[in-house]
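Colleague: Take this sequence and fold it.
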Amino acid sequence: MERVNVISKRAIREFAERHPDGLVPLMQWFRLAKKANWAHIIEVREQFPTADAVPPFTVFNIAGNKYRLIAEIEYLRKVVHIRQVLTHAEYDRGAWKR
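Modeller: Numbering: from 1, shown residues only. Sure thing, here's the model as predicted:
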């Protein structure tokens, strides 16, 4: 079974430097995502029920909705591109949509 390639862990590390309490939940997400075999948002939501499709992105709630991980998922290629990791306040400002 083909697994997901998550690009890039660097976004997690850089975010965790500013928000150390985010490292553990972000790495939990990372490990689960790498083992996933998602073909559609429905399968993502089976593992992450609060994931939202905001085309072209999928938004994941991290650490009880304290943080947001924004990713682009290429289901056919089994690739997840982490675009940004934000605090809830940064996410609410909406600049990530541009």
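
Colleague: host element of the residue nearest in space to the middle of the chain?
Modeller: Geometric centre of the chain, nearest residue: residue 69, 3.9 Å, by CA atoms, centre = their mean. If you go by DSSP states H and E, residue 69 is part of strand 67-74.

Colleague: Surely residue 12 is in contact with residue 23?
Modeller: Yes - using CB atoms under 8 Å, residue 12 is in contact with residue 23, at 7.5 Å. C-beta coordinates here come from the backbone N, C-alpha and C atoms, glycine included.

Colleague: circling back to that earlier point, for the very next helix or strand once past the strand holding residue 69, which positions count as buried?
Modeller: Remark: after strand 67-74, the chain's next helix or strand is strand 79-87, criterion DSSP H and E. For strand 79-87, a neighbour-count test (16 or more other CB atoms under 10 Å) marks 80, 82, 83, 84, 85, 86, 87 as buried.

Colleague: for the protein, longest helix please?
Modeller: helix 23-35 (DSSP state H).

Colleague: How far away from the center of its chain is the next helix or strand after it?
Modeller: Heading C-terminal from helix 23-35, the first helix or strand you meet, by DSSP H and E, is helix 41-47. Centre-to-centre, helix 41-47 and its host chain are 13 Å apart (CA atoms, centre = their mean, to the nearest Å).

Colleague: one step back: higher neighbour count, residue 12 and residue 23?
Modeller: residue 12 (20 against 15; other CB atoms under 10 Å).

Colleague: With adjacent residues omitted, what lies nearest to that one?
Modeller: Leaving aside its sequence neighbours, residue 12 sits nearest to residue 26 (CB to CB, 6 or more residues apart in numbering; 4.6 Å).

Colleague: Good, wrapping up.
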